[in-house]
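Trainee: Please find the sequence and the predicted model below.
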Amino acid sequence: MPDDRTVYFEFTQVGPQVRVAAIDGATGVEVVIVGPATAARADLEALALRKLERRLAKEL
């Protein structure tokens with residue numbers, strides 16, 4: 001993924017879990033992961049970003 005691409009993250013806590021959406025600013029492609037609410041925010045962002053990169057690689 002190019003360094004100048006903007007990725008937006010949305011965190012929503014649902015009980016003991018957190019839903020993380022990663023949205024590519026250029027294409028609008030969105031992926032979602034669910035992880036424990038006790039996990040580090042940086043770890044959840046990194047996981048969501050990797051999933052988004054894989055999805056974009058398949059679509060582009």
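Mentor: Everything's here; your move. Numbers count the residues shown, from 1 in each chain.

Trainee: helix, strand or coil for G35?
Mentor: strand (DSSP: H, G, I helix; E, B strand; the rest coil).

Trainee: Which helix or strand contains the closest residue to it other than its chain neighbours?
Mentor: In space, and not counting its chain neighbours, G35 is closest to L44: 5.1 Å by Cβ to Cβ, 6 or more residues apart in numbering. All C-beta atoms are positioned from the backbone trio N, CA, C, and that covers glycine. L44 belongs to helix 41-59 when assigned by DSSP states H and E.

Trainee: on that earlier part again, and the pLDDT at the residue nearest to G35?
Mentor: Looking at L44, its pLDDT reads 98.

Trainee: that older thread, how about the helix holding L44: buried residues?
Mentor: For helix 41-59, the neighbour count (16 or more other Cβ atoms under 10 Å) marks L44, E45, L47, A48, L49, L52, E53, R55, L56 as buried.

Trainee: which residues sit in contact with the nearest residue to V14 once chain neighbours are set aside?
Mentor: Excluding its sequence neighbours, the residue lying closest to V14 (Cβ to Cβ, 6+ apart) is V34, at 7.8 Å. Counting by Cβ atoms under 8 Å, 6 or more residues apart in numbering, V34 touches V14, Q17, V18, R19, V20.

Trainee: Mind pulling up the pLDDT for the second one?
Mentor: Model confidence at Q17, expressed as pLDDT, equals 98.

Trainee: mind listing what it touches?
Mentor: Per Cβ under 8 Å, 6+ apart, neighbours of Q17: V34, G35, P36, A37.

Trainee: Next, format the residues you listed as a markdown table and append pLDDT and distance to L60.
Mentor: Shown next, in a markdown table, are the contacts of Q17 (pLDDT from 0 to 100; distance: Cβ to Cβ, whole Å):
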| residue | pLDDT | distance to L60 |
| --- | --- | --- |
| V34 | 98 | 25 |
| G35 | 98 | 26 |
| P36 | 98 | 31 |
| A37 | 97 | 33 |
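
Trainee: Nothing else from me, thank you.
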